[in-house]
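Asks: Structure of the sequence below:
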Amino acid sequence: MRKERILTIDDDPDILDVLDLTLSEFYDVMQASNGKEGLNLVETKSPDLIICDYMMPIMNGKEFCKALKKDILLQHIPIIMLTGKGEVKDIVGGIEAGADDYIIKPFEPDALLARIHMILRRTVRSLDANPLTHLPGNASIMEELQSYIDSGKTFAVCYADLDKFKIYNDTYGFEKGDDVIREVARLLILIVKEKAGNNSFVGHIGGDDFVFIVENDLSDPICKKVISEFDRIAPEFYNEKDRAAGFIIGKDRLGNKVKTGLLSISIGVVDNSKQKISHIAQVSEIGAELKKYAKSFEKSNYVRDQRSGQK
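Replies: Numbering: from 1, shown residues only. Take a look at the predicted model:
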């Protein structure tokens, strides 16, 4: 079973040692000595929880919280702020910056463990999130789909995933693959929120599969923008040699050597403008068919369901 990952940030090595001794039996512990170093670790290692001192050099706890909460893929990670005894202004400053809880030094190890357990349990319960992107996961996707179906409004469900991703992952490794998935998540959130605002939803089904739901009239421009932006950044995922060549050599699912082009993105769009959608399975089935068809073009594109039914 995977241990939950906790990042501890403090410029005092003795505090880091105490935290490591307290936590390492139950959690996978990472350490940083200032907020800037901690932020770099968060962006690459995606901890489940952060324990951060308030007073630190280079980037203090308040600055760290503000920087983290600005990032759409990292803002859901809970933060416990460590502060000196009686420093009320530190507590208020940390909470205003986005800390989820605080604990005063010196702390009781059992009290800290209880606080961590409570926050992690609350986070899992309140945020059905993909651990890599922190986007809503399958339970939230199903709930959101049902909500749109029940509303009676016209909407479009857009299923997106990457083409040639397995070969990329096998060639460049899982860490690089995870970086690509995080960038796709970031791209979808920025574009969907920019064009559709709060009347929209972005979820992560798993792996390189995503879904976003918007008003039907907005789905075409959003899909076009997603495709153009993804194609613009896709070459950045490759080394200079592969980028110049425009392809990589890898193995397909049968173990055969294949030459494959750079990553692309395919989107299948299911909407209820011409047909009645009455249940979630109907959307999923049509979306899977459309995505499969979109992938046959070997380049980034989107396809829309053209069938009609009784409204």
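
Asks: Under the pLDDT cut-off, which ranges of this structure? List them.
Replies: In the predicted model, the chain carries pLDDT under 70 at residues 1-2, 72-73, 85-90, 94, 124-128, 307-311.

Asks: any idea which helix or strand comes after the longest helix anywhere in it?
Replies: Among the segments of the chain that qualify as a helix by DSSP state H, the longest is helix 174-196. Under the assignment DSSP states H and E, the closest C-terminal helix or strand after helix 174-196 is strand 201-206.

Asks: which parts of the next helix or strand after that following strand are buried?
Replies: With elements assigned by DSSP H and E, the helix or strand that comes after strand 201-206 is strand 209-215. Buried residues in strand 209-215, counted by 16 or more other CB atoms under 10 Å: 210-215. C-beta coordinates here come from the backbone N, C-alpha and C atoms, glycine included.

Asks: if we can go back for a sec, tell me which residues are up against the longest helix of the chain.
Replies: Here helix 174-196 makes contact (CB atoms under 8 Å, 6 or more residues apart in numbering) with 72-73, 132-133, 135, 160, 162, 165, 168-169, 200, 202, 204, 207-208, 210, 212, 214-215, 218, 221-222, 225-226, 229-230, 233, 237, 263, 265.

Asks: Give me the buried subset of those.
Replies: Neighbour counting by 16+ other CB under 10 Å classes 72-73, 132-133, 135, 160, 162, 165, 168-169, 200, 202, 204, 208, 210, 212, 214-215, 218, 222, 225-226, 229-230, 237, 263, 265 among the contacts of helix 174-196 as buried.

Asks: In strands, which of those residues appear?
Replies: Judged by DSSP state E, the buried ones among the contacts of helix 174-196 include 160, 162, 202, 204, 210, 212, 214-215, 265 as members of strands.

Asks: Among those residues, which pair sits farthest apart?
Replies: Leu162 and Glu215 (25.2 Å; CB to CB).

Asks: Now the spatially most central residue of the chain: closest residue in space, sequence neighbours ignored.
Replies: Nearest to the mean C-alpha position of the chain, counting by CA atoms, centre = their mean, stands Thr133 at 1.4 Å. Nearest residue to Thr133, sequence neighbours excluded (CB to CB, 6 or more residues apart in numbering): Ala185, at 3.9 Å.
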